[in-house]
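Trainee: how does the following fold in three dimensions:
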Amino acid sequence: MSDAASLAATVRDLLRRAPRASLATLTETGAPYASLVLTADDGSGAPLLLLSDLAEHTKNLKRDPRASLLVESAEGSNDVLAAARATFLGEAARVADDAAKAAFVTRHPSAAGYAAFNDFALYRFAVARIHLVAGFGRIDWISGDDYRTAASAKAKP
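Mentor: All right, here's what the predicted structure looks like:
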């Protein structure tokens, strides 16, 4: 496995295991705004978010789709800063994808209660770059293209 493939596999594993993430969007004035969201893998390594139109982060994304998404896996770690984490940089776009929404609800059964509300919509995160911290001294940048290539190769039988 190439280094890029190995790094992408680590990121993909984090995304699959992380039940939630910190979403950072840009406010109307350009200030960063961070919030807590649920996330799921769309099956090809792209993060999925189910967001309400009433939420501040959604209002921000409608003005400017650029965002970052921090996923981490600190369970079982006595030192949270030594745990693996990945920051996805890119753009979040609203999508009408019933299969992806079903995958999101499968990952988060509690979302079934509000997934059909008119003010909730599914967003797919288009990954431009990823910053991976896989523990102390293991820090790498992964291009979106390298991540997608590795993720799609992994998805094939």
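
Trainee: what's the neighbour count on the spatially closest residue to Asp119 that is not a sequence neighbour?
Mentor: Distances taken as Cβ to Cβ, 6 or more residues apart in numbering put Asp53 closest to Asp119, at 4.4 Å, once the chain neighbours are dropped. (Glycine included, C-beta is placed from N, CA and C.) A total of 13 residues lie near Asp53 under the criterion other Cβ atoms under 10 Å.

Trainee: for Asp53, phi and psi?
Mentor: With angles defined as degrees, to the nearest 10, Asp53 sits at phi -60, psi -20.

Trainee: contacts only, for it.
Mentor: The contact partners of Asp53, taken as Cβ atoms under 8 Å, 6 or more residues apart in numbering, are Lys59, Asp119, Phe120, Ala121.

Trainee: quick check: it vs Asp79, distance?
Mentor: 39 Å (Cβ to Cβ, to the nearest Å).

Trainee: same check, this time on Thr25
Mentor: According to Cβ to Cβ, Thr25 stands 29 Å off from Asp79.

Trainee: mind listing which of the contacts of Asp53 are in strands?
Mentor: For the contacts of Asp53, the ones inside strands are Phe120, Ala121, with DSSP state E as the criterion.

Trainee: out of the contacts of Asp53, the closest to Ala8 would be?
Mentor: The shortest gap between Ala8 and any of these belongs to Ala121, at 27.6 Å (Cβ to Cβ).

Trainee: so the most centrally placed residue in the chain bridges to which residues?
Mentor: Among the residues of the chain, the one closest to the centroid is Pro47, at 3.7 Å (Cα atoms, centre = their mean). With DSSP bridges applied, the residues forming beta bridges to Pro47 are Asp41.

Trainee: OK, contacts around Glu28?
Mentor: With Cβ under 8 Å, 6+ apart as the criterion, the residues that contact Glu28 are Asn60, Arg63.

Trainee: I'm done for today, thanks for sticking with me.
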